[in-house]
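> predicted coordinates and the sequence they were generated for:
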Amino acid sequence: MLTPGDRLELEWVNEEGQRERYQTVVASQYNRHLYVEIPLNVKTKKYGYFLLGTVFHATFYKKEKAYRFETELLGRVRENVPLLLLSYPGDDQLQVIQRRDYFRVEAALDVAVHPVNRSFKPFTTLTYDISGGGLSAYLPKEVSEKLQPDMEVVLWLVLPMSSGRLYYLKNKSRLIRVYSDKGRSLASFQFIHLKNSERMHVMRYCFERDLYLKKELESKGV
């Protein structure tokens, strides 16, 4: 499944118990082995040095899905460029993170909602959750009655990635439904004509957000 040129994200817990994220590129795959370029730390932008036997959680994205597996550093290879040799469990042992109906996470992101045909005044609000297929957002009271299913709107939002970069997204979306939760009005929107590269950014944000939430729970002993 992995092919040369695919990007691989590696997560590692250092000696101080802190999680570090690295990015690398697959050079080649042979049976149960992967050859990858020297990983680059997402935050520091420095190359990582790891002892043989270091275990990583690896993630890659393919055809609008995210896959995860555990891998171990088996060796180093010196060719035209230095490479690392990693273990690979096989395609049948990969954990699917992003399923067909899209992985959804809770997230309070600022989002601006604009009408396509001036049916209501543009407004800003917070999202309740988001996935690769769309999002749910809280509705101001004065707006909820003006929104109808299948209405098209334009959504503007910013995704704060774990690397510190901000990804700006503008997309025409379809209103699926308006509903109530704990006395507050919400609307669910479906992204329309989202480019594959844009969806990948959304999915990557969802994955990073999920890891962050799990880490928060672990720190609280939940």
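Arrived safely, thanks for sending. Residues are numbered from 1 along each chain as shown.
> quickly find the element holding the closest residue to residue 168 other than its chain neighbours.
Counting by C-beta to C-beta, 6 or more residues apart in numbering, the nearest residue to residue 168 once its immediate chain neighbours are dropped is residue 158, at 5.6 Å. To be clear about C-beta, it is placed using only N, CA and C from the backbone, and glycine gets the same treatment. Per DSSP states H and E: residue 158 is located in strand 152-160.
> show the average pLDDT along that strand.
Mean pLDDT, strand 152-160: 95.
> adjust the sequence numbering to begin at 79 for everything that follows.
Sounds good: first residue 79 from here, last item strand 230-238.
> what residues does it touch?
187-194, 205, 213, 244-253, 267, 269-270, 279-280, 283 (C-beta atoms under 8 Å, 6 or more residues apart in numbering).
> from those, list the buried ones, please.
The neighbour count (16 or more other C-beta atoms under 10 Å) marks 187, 189, 191, 193, 205, 213, 247, 249, 251, 253, 267, 269, 279-280, 283 as buried among the contacts of strand 230-238.
> next SSE after the strand holding residue 236?
Next along from strand 230-238, by DSSP H and E: strand 244-259.
> list the buried residues for the helix or strand just after that following strand?
Next helix or strand after strand 244-259 toward the C-terminus (DSSP H and E): strand 262-269. Neighbour counts using 16+ other C-beta under 10 Å place 263-267, 269 of strand 262-269 among the buried residues.
> now strand 262-269 and strand 244-259, what's the angle there?
Counting by axes from the mean of the first three to the mean of the last three C-alpha atoms, to 10 degrees, strand 262-269 lies at 130 degrees to strand 244-259.
> packing partners of strand 262-269?
With contacts taken as 3 or more C-beta pairs under 8 Å, 6 or more residues apart in numbering; DSSP states H and E, strand 262-269 sits against strand 212-216, helix 219-222, strand 230-238, strand 244-259.
> export those as JSON lines, with columns for distance to residue 147.
Putting those into JSON lines (distance: least, C-beta to C-beta, whole Å) gives the following:
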{"stretch": "strand 212-216", "distance to residue 147": "28"}
{"stretch": "helix 219-222", "distance to residue 147": "44"}
{"stretch": "strand 230-238", "distance to residue 147": "25"}
{"stretch": "strand 244-259", "distance to residue 147": "25"}
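> tabulate the CA atom coordinates of the longest helix along the chain in CSV.
Longest helix of the chain, by residue count under DSSP state H: helix 274-297. Output of helix 274-297 as CSV, limited to C-alpha atoms (Å, rounded to 0.1, in the frame of the first residue of the first chain):
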residue,chain,number,x,y,z
ASN,A,274,-8.6,16.1,-2.1
SER,A,275,-5.7,18.2,-0.7
GLU,A,276,-8.2,20.3,1.3
ARG,A,277,-9.8,17.2,2.7
MET,A,278,-6.5,15.8,3.7
HIS,A,279,-5.8,18.9,5.8
VAL,A,280,-9.1,18.6,7.5
MET,A,281,-8.6,14.9,8.2
ARG,A,282,-5.1,15.5,9.5
TYR,A,283,-6.4,18.2,11.8
CYS,A,284,-9.0,15.7,13.1
PHE,A,285,-6.4,13.1,13.7
GLU,A,286,-4.1,15.5,15.5
ARG,A,287,-7.1,16.8,17.6
ASP,A,288,-8.0,13.3,18.5
LEU,A,289,-4.5,12.5,19.7
TYR,A,290,-4.5,15.7,21.8
LEU,A,291,-7.8,14.8,23.4
LYS,A,292,-6.6,11.3,24.3
LYS,A,293,-3.4,12.8,25.7
GLU,A,294,-5.4,15.2,27.9
LEU,A,295,-7.5,12.2,29.2
GLU,A,296,-4.3,10.2,29.9
SER,A,297,-2.8,13.1,31.9
